[in-house]
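In: Next come a sequence and a model predicted from it.
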Amino acid sequence: MNRTIKDATVKRYNYSDHQQLTDHLDLFVAAYNYARRLKTLKGMTPHEYICRVWTEEPERFKINPYHHTVGLNT
């Protein structure tokens, strides 16, 4: 975990105001948490686990979790 944080935070950024810093920090934390593989989920990311459960038991969900992926057109 420490290595992951270190690899992602060694760059230096200059921000013109505090809002830019908080926006960048929010994006970094979201990306880190989104992509982190967890032992309790057998090495899957939380998103991968949710999508796997959705394919096995779609009646448990009201909406398709694939509609909430980060990428183009979001």
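Out: Done, it's in. Numbering: from 1, shown residues only.
In: which stretches of this structure form helices?
Out: Along the chain, the segments classed as helices by DSSP state H run 2-9, 18-35, 46-56.
In: want to throw these into a markdown table with mean pLDDT?
Out: Converted to a markdown table, the helices of the chain look like this (pLDDT from 0 to 100):
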| stretch | mean pLDDT |
| --- | --- |
| helix 2-9 | 65 |
| helix 18-35 | 84 |
| helix 46-56 | 87 |
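In: Quick check: which of those is buried the most?
Out: With neighbours taken as mean count of other CB atoms under 10 Å, the helices of the chain reach their highest mean count in helix 46-56, at a mean of 14. All C-beta spots, glycine's among them, are computed from the backbone N, C-alpha and C.
In: between that helix and helix 18-35, how many degrees?
Out: Here helix 46-56 points in a direction 50 degrees away from that of helix 18-35 (axes from the mean of the first three to the mean of the last three CA atoms, to 10 degrees).
In: so what does helix 46-56 touch, helix or strand wise?
Out: Contacts defined by 3 or more CB pairs under 8 Å, 6 or more residues apart in numbering; DSSP states H and E place helix 46-56 against helix 18-35.
In: what's the helix it packs on packed up against?
Out: Short answer (3+ CB pairs under 8 Å, 6+ apart): helix 18-35 packs on helix 2-9, helix 46-56.
In: Centre of the chain to it, how far?
Out: Offset of helix 18-35 from its chain centre (CA atoms, centre = their mean, to the nearest Å): 10 Å.
In: can you dump the C-alpha coordinates of that helix into PDB?
Out: Extracted in PDB, the C-alpha atoms of helix 18-35 (Å, rounded to 0.1, in the frame of the first residue of the first chain):
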ATOM      1  CA  HIS A  18      -7.000  25.700  -2.600                       C
ATOM      2  CA  GLN A  19     -10.000  24.500  -4.700                       C
ATOM      3  CA  GLN A  20      -7.700  23.000  -7.400                       C
ATOM      4  CA  LEU A  21      -5.800  21.100  -4.700                       C
ATOM      5  CA  THR A  22      -8.900  19.700  -3.100                       C
ATOM      6  CA  ASP A  23     -10.300  18.700  -6.600                       C
ATOM      7  CA  HIS A  24      -7.000  16.900  -7.400                       C
ATOM      8  CA  LEU A  25      -6.900  15.200  -4.100                       C
ATOM      9  CA  ASP A  26     -10.500  14.000  -4.500                       C
ATOM     10  CA  LEU A  27      -9.700  12.600  -7.900                       C
ATOM     11  CA  PHE A  28      -6.600  10.800  -6.600                       C
ATOM     12  CA  VAL A  29      -8.400   9.200  -3.600                       C
ATOM     13  CA  ALA A  30     -11.300   8.100  -5.800                       C
ATOM     14  CA  ALA A  31      -8.900   6.500  -8.400                       C
ATOM     15  CA  TYR A  32      -6.900   4.900  -5.600                       C
ATOM     16  CA  ASN A  33     -10.000   3.400  -3.900                       C
ATOM     17  CA  TYR A  34     -11.600   2.400  -7.200                       C
ATOM     18  CA  ALA A  35      -8.500   0.500  -8.400                       C
END
